[in-house]
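# Build me a model:
(2 chains)
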Amino acid sequence: AQKVTQAQTEISVVEKEDVTLDCVYETRDTTYYLFWYKQPPSGELVFLIRRNSFDEQNEISGRYSWNFQKSTSSFNFTITASQVVDSAVYFCALSEGSWTDKLIFGTGTRLQVFP
Amino acid sequence: EPEVTQTPSHQVTQMGQEVILRCVPISNHLYFYWYRQILGQKVEFLVSFYNNEISEKSEIFDDQFSVERPDGSNFTLKIRSTKLEDSAMYFCASSELVPEAFFGQGTRLTVV
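Prediction:
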């Protein structure tokens, strides 16, 4: 069965520190997609990235980077030089590319960035 | 940029009352979803909808829940007789090129 584990419940850092949010997934499918969403205090879910299982290339977008490793079933997210505005709950999610393509979310990591 | 719109943003209802949560998906999207997030917990899949019928539903989506696409633009979630444990944030999502879900801003439902 599919499962997403975000072992870090809460992380606190000081502004300008780098921080990595861990995500480990379980799936039996060879075709699947991984996502990261940001949920700021206002509550909405903001899409950050999608990755498919055939593309293990790491991605960088500004201060954000993602490290996808199939060998360890991990899809970790790093914020470089964190800012107070990065404070939010971050969710990792998995979709197995089935007909319904529902997302299975992890429990989220609350990131607090202090000035 | 097109977006998924949900109304209302917050609804308070008495236990046992029926509520309808409304969503306007992105216009050319074909797949629609409802998710639920109990306060402080993870986001959970409720139901997916395609071609005017339910594609999949979770065990949470029992007989108290129903979904409908009454016209070409709206997608609704109805809870027939609300319970205290239905209090949560409900997110609507839609997608075109599966799988990629665009989420609405959510409706916070409070059952008192």
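# The closest residue to chain B within chain A - how many residues pack around it?
The minimum distance from chain A to chain B, using CB to the nearest CB, falls at residue A:101 (3.3 Å). C-betas here are computed from N, CA, C, even on glycine. For residue A:101, the count of nearby residues is 21 (other CB atoms under 10 Å in any protein chain shown).
# same check, this time on residue A:10
Using other CB under 10 Å: residue A:10 sits among 10 other residues.
# and it, bridged to which residues?
Per DSSP bridges, the residues bridged to residue A:10 are residue A:110.
# Repeat that for residue B:79.
residue B:19, residue B:65.
# before we move on, back to that, could you double-check that the residue of chain A closest to chain B sits in contact with residue B:32?
No - checked against CB atoms under 8 Å, the pair residue A:101 and residue B:32 is beyond contact range at 11.2 Å.
# which residues are in contact with both of these two?
Both residue A:101 and residue B:32 are contacted by residue B:48, under the criterion CB atoms under 8 Å, 6 or more residues apart in numbering or on different chains.
# and the gap between the residue of chain A closest to chain B and residue A:93?
Per CB to CB, to the nearest Å, residue A:101 is found 11 Å from residue A:93.
# just to revisit the earlier point, what's the helix or strand for the residue of chain A closest to chain B?
In the assignment (DSSP states H and E), residue A:101 maps to no helix and no strand.
# Need the pLDDT of it.
Note on residue A:101: pLDDT of 74.
# One more: residue B:42?
Residue B:42 is given a pLDDT of 92.
# What of residue B:1?
Reported pLDDT for residue B:1: 73.
# Neighbours of it, how many?
4.
# same question, the one 5 residues further on
The number of residues packed around residue B:6, counting by other CB under 10 Å, is 24.
# Next, it: secondary structure please.
Of the three states, residue B:6 takes strand under DSSP: H, G, I helix; E, B strand; the rest coil.
# Would the helix or strand bottoming out on mean pLDDT in chain A count as contacting chain B?
Lowest by mean pLDDT, DSSP states H and E among the helices and strands of chain A is strand A:59-61, with a mean of 87. No - counting by CB under 8 Å from any CB of the partner chain, chain B is not contacted by strand A:59-61; separation bottoms out at 15.3 Å.
# Pairing partners for that strand, with directions?
Neighbouring strands of strand A:59-61 in its sheet, by DSSP bridges, are strand A:64-69 (antiparallel).
# And for the partner strand, what's in contact with it?
A:34, A:36, A:48-49, A:51, A:55-60, A:74-80.
# So among those residues, which ones count as buried?
Among the contacts of strand A:64-69, those buried by neighbour count (16 or more other CB atoms under 10 Å in any protein chain shown) are A:34, A:36, A:48-49, A:51, A:74-79.
# so where is chain A shaky, pLDDT-wise?
A:97-100 (pLDDT under 70).
# Return the residues of it in contact with chain B.
A:33, A:37, A:42-45, A:47, A:50, A:91, A:93, A:95, A:97, A:99-108.
# One more pass at 10 Å, please.
Applying CB under 10 Å from any CB of the partner chain, we find that chain A lies next to chain B at A:4, A:6, A:32-33, A:35, A:37, A:39, A:42-47, A:50, A:52, A:89, A:91, A:93-108, A:110.
# Can you pick out the ones from the residues you listed that are in strands?
A:4, A:33, A:35, A:37, A:39, A:46-47, A:50, A:52, A:89, A:91, A:93-95, A:104-105, A:110 (DSSP state E).
# Throw together a ChimeraX command that grabs the buried residues out of those residues.
Selecting only the buried entries of those in ChimeraX, with 16+ other CB under 10 Å as the criterion:
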select /A:4,33,35,37,39,50,89,91,93,94,95,104,105
